[in-house]
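J.: Sequence and predicted model, in that order:
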Amino acid sequence: MMREVTGRLSTFGFSMMPAPAVQAYCYIRRINHGEWVDFLIDTGASGTCLHGVYAFDLQEHMQSHRIRYSYGIGGMSCGYYHERATLLFRDDKGQPLRRVITLGIQQFTAEHVNDQQTLTDCLGCPSLLGRDILNKCLFTYRTNPAEVTLAFH
Amino acid sequence: MGTKSNSQNALRSVGGREEFERQYQQYNASVRLIDRDKRELLSKYADEWVAVYNSKVVAHGEKYRSVLKDIKRKGLPLGEVAVKFLSTRRVMTLF
């Protein structure tokens, strides 16, 4: 039986074209931390990761041995702390739909925080729902009329 | 620790199924409000951080840290507050 999760189109606060988005409750058991995250659905991201304010607030709990370096399309390298996490989506019947993943949490370095404009730009970056989740569902995305759904087996 | 245990802990962390639904409805409405009323919010809070809870702006400011402090000072549940930066920059492209 398929279980559907409905998303929406969002600009994430920026003046840009709307992008597909979905919310999930994100829980990291090691630090007993849970929060709601507004994810941009990104078929280009290999893994789901927290950026911006979500990642910033978790920095004090992160451990350096969990860092892995990833490259973006532009060739920029960025450190991500890897943590086991559970995502709870809300399906269309109002039930929690669980997925356990290895979550990437963006590392904030001195380079990110020492300059106010750079920090603001980094904090505004959306978190990404990547192919670790998308490979296990049917992702439907249409802009007119707006339709964003994730259908899980 | 297995997957099932992780999942149970997650649901326990959010406060159970009813609380999960309540939080989802609240958070979903708050993030949707930022999109829906973006033009109006931009006229009031251009290039500021805006925090929305229960579909109301509960904090705003130019610096994220001060908005975060304000949310904590008001005793609001940080994990349920939608916080976005309302940028007036015309072009923002993500690659």
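T.: Happy to help now that I have it. Keep in mind that what you see is a predicted model, and the values were worked out from it rather than measured.
J.: Let me see the ranges of the strands in chain B.
T.: In chain B, the strands defined using DSSP state E lie at B:48-53, B:56-61, B:82-86.
J.: Is it possible to get TSV of those strands that adds mean pLDDT and mean neighbour count?
T.: Heads up, the C-betas are built off the backbone N, CA and C, glycines and all. Below are the strands of chain B laid out as TSV (pLDDT from 0 to 100; neighbours: other CB atoms under 10 Å in any protein chain shown):
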stretch	mean pLDDT	mean neighbour count
strand B:48-53	97	23
strand B:56-61	98	16
strand B:82-86	95	24
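J.: mind giving me CSV with those and columns for distance to chain A?
T.: Shown next, in CSV, are the strands of chain B (distance: least, CB to the nearest CB, whole Å):
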stretch, distance to chain A
strand B:48-53, 8
strand B:56-61, 12
strand B:82-86, 4
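J.: which ones are touching the nearest residue to B:L42 once chain neighbours are set aside?
T.: Take B:L42 and drop its neighbours on the chain: the residue closest to it by CB to CB, 6 or more residues apart in numbering or on different chains is B:L86, 5.3 Å away. B:L86 is in contact with A:G13, B:I34, B:K38, B:L41, B:L42, B:Y45, B:A46, B:D47, B:E48, B:W49, B:V50, counting by CB atoms under 8 Å, 6 or more residues apart in numbering or on different chains.
J.: Are any of the residues you listed buried, and if so which?
T.: A:G13, B:I34, B:K38, B:L41, B:L42, B:Y45, B:E48, B:W49, B:V50 (16 or more other CB atoms under 10 Å in any protein chain shown).
J.: Now the two most distant members of these.
T.: Using CB to CB, the pair of the buried ones among the contacts of B:L86 lying farthest apart is B:K38 and B:W49, separated by 14.1 Å.
J.: So what sits opposite the residue nearest to A:P96 when sequence neighbours are not counted in the bridge?
T.: Spatial nearest neighbour of A:P96, chain neighbours left out: A:L88 (4.5 Å); criterion: CB to CB, 6+ apart. Per DSSP bridges, residues listed as beta-bridge partners of A:L88: A:Y25, A:R98.
J.: hang on, isn't A:L88 packed against A:Y25?
T.: Yes - between A:L88 and A:Y25 there is a contact at 4.2 Å, judged by CB atoms under 8 Å.
J.: got any residues that touch both of the two?
T.: A:P96, B:A10, B:V14, B:F20.
J.: Out of these, name the two that are farthest from one another.
T.: Pairwise distances across the shared contacts of A:L88 and A:Y25 peak at 9.4 Å for B:A10 and B:F20 (criterion: CB to CB).
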